[in-house]
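*Asks:* I need the structure of the sequence given here:
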Amino acid sequence: MSIQSNTFSLVSLGCPKNLVDSEQHVFALQQTGLEFRAEIGDCELVVLNTCGFLHSARNEARDYIRALIDLKQQGSIGRIAVRGCMPVFESIERLAAEFPNVDEWFGIPLASEHSAPRQLLTEKHVAYLRIADGCSRRCAFCAIPNIRGNFRSVPEENLLQEANRLAETGVKELVVIAQETTFWGNDLAGKPQLITLLRKLEEIDGIRWIRLMYAYPQYFEDELIDLFASGGKLLPYIDIPLQHANDEMLRQMNRRVTKAETEALLDKLRTRIGNLVLRTSFIVGFPGETDAMFQELLRFADRWQFERAGVFRFSAERGTPAAGFAPKVPSKTIERRFEQLYKTCERYSTAWATQQKGKIINVQIDGNYTDEYGRKEGQLFVGRTFADAPDIDPVVYVTGQNLSPGALIECEILETDGCDLVGVAIEGNITCPDSLLTAY
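*Replies:* Got it, this is the predicted structure:
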């Protein structure tokens, strides 16, 4: 085949917040008359939307750029455009000199475009609702403020219009995202307004699930806890990245919260929200982390038994305060601590999965199971429970017939596969009403 004129494809790297940028860019290019294709082969234009948050992410982006250049030189694709966080972090001039075969470079639109129309790149029943961009917190290890700027809330009216538009297209699950969702509205009204926004989102017809990601412990008010506990569309799933549990580490990280304050909040959440699933993330090997500090983090993870957790090795990012901190933790020590904490966290995620065996639970179907060769299995599907955020959490493998993406079904859990669940649909393709939430 030859390169097809007026066609383009897009590869999106990094976080869901970056994916929203990609979706807006796809829509904008479509409005110019270009035809979007999921596969990059034979496209006249291929856009790579990059992540610049970590050194490893920038290395990944470079690998993609080299692969695209190879395809271009082979005549398999036409022009290459690279955009996003990495050109902002590295500078376009430096990257253009490194990769002269890339045709276009551009960064991130920082104007109020966050509720712009977009072409969803997720499953059609799931969409991310980005309620803010940037961050003003200035955690010592984080490059986001340098890349994305200060925290900027999207106005409520824009968000509600966008959420209604998504619901009208068939979206059932809204995943609410920002660099710090619990801070939303502070720059508009002088104090966080997330509770008001979530209540209005719950009123939108067609939306079944609302999932809150990237919460911060400092602004988690009792009223917000009550909303999670009320059994409405807001799922009893909270993603609240904590990073560490030792007070000196939290101070050095500039997290502006203490271990005692965090544990008081976790106790409230566990006590007041039924069936709660907590997701968090931790950093090991931050400069100055002693073995005693790490052991304190291990005990913290053991005490709170987070059902979902991500563990990350400290990465000294250029332009961040922590890049100059000392003493550095040796790489072998970082790796050992990573393995220890990862195994601890995995144990509780696996335990949660084991507790579901024999239960009948509600599963939202995402689509057919696809093997490593891209072949679909006709009677095997992949779905998620309320406890599973798209792409980052475990899944449920469901045997059934004619299960449509977006369907909410009852599923009997028969087995586990690590942290994943394996089950069978009850009565074939009978779906639950949208108002039916998980009953344990």
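
*Asks:* So, low pLDDT: which residues of the stretch 1-150 of the chain?
*Replies:* Scanning the stretch 1-150 of the chain for pLDDT under 70 picks out the ranges 1, 110-115.

*Asks:* Run through the helices of it in chain order.
*Replies:* 16-31, 55-73, 85-90, 92-98, 144-148 (DSSP state H, counting those that start in this stretch).

*Asks:* for those, which one sits closest to residue 287?
*Replies:* Proximity of the helices of the stretch 1-150 of the chain to residue 287 was assessed by CB to CB; the nearest stretch is helix 55-73, lying at 15.6 Å. In this view, the C-beta of every residue, glycine as well, is placed from N, C-alpha and C.

*Asks:* separation between residue 335 and residue 285?
*Replies:* Separation of residue 335 from residue 285 (CB to CB, to the nearest Å): 8 Å.

*Asks:* shared neighbours, the two?
*Replies:* Overlap of the contact sets of residue 335 and residue 285 (by CB atoms under 8 Å, 6 or more residues apart in numbering) consists of residue 313.

*Asks:* and these two? which has more neighbours close in?
*Replies:* Between residue 335 and residue 285, residue 285 has the larger neighbour count (other CB atoms under 10 Å), namely 21 against 13.

*Asks:* Might you report the residue contacts of that one?
*Replies:* 313, 314, 329, 333, 334, 337, 338.

*Asks:* Go through the host helix or strand of the last one and flag the buried ones.
*Replies:* In this case it means residue 338. Element membership for residue 338, per DSSP states H and E: helix 331-355. For helix 331-355, the neighbour count (16 or more other CB atoms under 10 Å) marks 334, 337, 338, 340, 341, 342, 344, 345, 348, 349, 352, 353 as buried.

*Asks:* okay, residue 375: pLDDT?
*Replies:* pLDDT, residue 375: 70.

*Asks:* Am I right that residue 294 is in contact with residue 336?
*Replies:* No - in this structure, residue 294 is not within contact of residue 336 by CB atoms under 8 Å, at 9.4 Å.

*Asks:* How is this protein partitioned into domains?
*Replies:* Listed by automatic domain parsing, the domain ranges of the chain are 4-105, 126-355, 360-425.

*Asks:* Those: which one's closest to residue 117?
*Replies:* That would be domain 4-105 among the domains of the chain, by CB to CB, at 5.0 Å.

*Asks:* Between the two ends of the closest one, what distance do you get?
*Replies:* 22 Å (CA to CA, to the nearest Å).

*Asks:* so what's residue 116 closest to, chain neighbours aside?
*Replies:* In this structure, residue 116 finds its nearest non-sequential neighbour in residue 24, 4.8 Å apart by CB to CB, 6 or more residues apart in numbering.

*Asks:* For residue 121, see how far away the one you found is.
*Replies:* Computed as CB to CB, the residue 24 to residue 121 distance reads 10 Å.

*Asks:* out of these two, which sits in the busier spot?
*Replies:* A count of neighbours by other CB under 10 Å puts residue 24 above the other of residue 24 and residue 121, at 19 against 16.

*Asks:* can I assume the more buried one is in contact with residue 120?
*Replies:* No - at 10.7 Å, residue 24 does not count as touching residue 120 under the criterion of CB under 8 Å.

*Asks:* Residue 208: how many residues sit nearby?
*Replies:* Neighbours of residue 208 (other CB under 10 Å): 21.

*Asks:* Hmm, residue 173 and it touching each other?
*Replies:* Yes - using CB under 8 Å, residue 208 makes contact with residue 173 at a distance of 6.5 Å.

*Asks:* Quick check: neighbours shared by the two?
*Replies:* residue 364.

*Asks:* what's residue 169 in contact with, if anything?
*Replies:* 120, 124.

*Asks:* separation between it and residue 33?
*Replies:* 22 Å.

*Asks:* got it, and residue 237?
*Replies:* Counting by CB to CB - residue 237 and residue 33 are separated by 41 Å.

*Asks:* Those two: which has the busier surroundings?
*Replies:* Between residue 237 and residue 33, counted using other CB under 10 Å, the more crowded position is residue 237 (26 against 7).

*Asks:* Helix, strand or coil: sort out the more buried one for me.
*Replies:* Classification of residue 237 using DSSP: H, G, I helix; E, B strand; the rest coil returns strand.

*Asks:* How about it, nearest residue that isn't a chain neighbour?
*Replies:* residue 277 (4.8 Å).

*Asks:* Check residue 121 too.
*Replies:* Spatial nearest neighbour of residue 121, chain neighbours left out: residue 23 (5.4 Å); criterion: CB to CB, 6+ apart.

*Asks:* my guess is the one you found meets residue 118, correct?
*Replies:* Yes - here residue 23 reaches residue 118: they are 3.6 Å apart, a contact under CB under 8 Å.

*Asks:* doesn't residue 174 fall inside a strand?
*Replies:* Yes - under three-state DSSP, residue 174 falls within a strand.

*Asks:* where does it sit relative to residue 378, distance-wise?
*Replies:* 30 Å.

*Asks:* hang on, the earlier thing: and the helices of the stretch 1-150 of the chain, which is most packed in?
*Replies:* Among those, ranked by average contacts under mean count of other CB atoms under 10 Å, first place goes to helix 85-90 (a mean of 23).

*Asks:* Send me it as CSV with only the CA atoms.
*Replies:* Output of helix 85-90 as CSV, limited to C-alpha atoms (Å, rounded to 0.1, in the frame of the first residue of the first chain):
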residue,chain,number,x,y,z
CYS,A,85,5.2,17.6,27.6
MET,A,86,8.6,16.5,26.4
PRO,A,87,9.1,19.4,23.9
VAL,A,88,8.2,21.8,26.8
PHE,A,89,10.6,20.1,29.2
GLU,A,90,13.5,19.6,26.7
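
*Asks:* Mind listing residues that contact that helix?
*Replies:* 14, 18, 50-53, 57-58, 61, 95, 105-108, 143, 146-148, 318-319.

*Asks:* check contacts around residue 180.
*Replies:* Contacts of residue 180 (CB under 8 Å, 6+ apart): 132, 135, 137, 151, 214, 215, 216.
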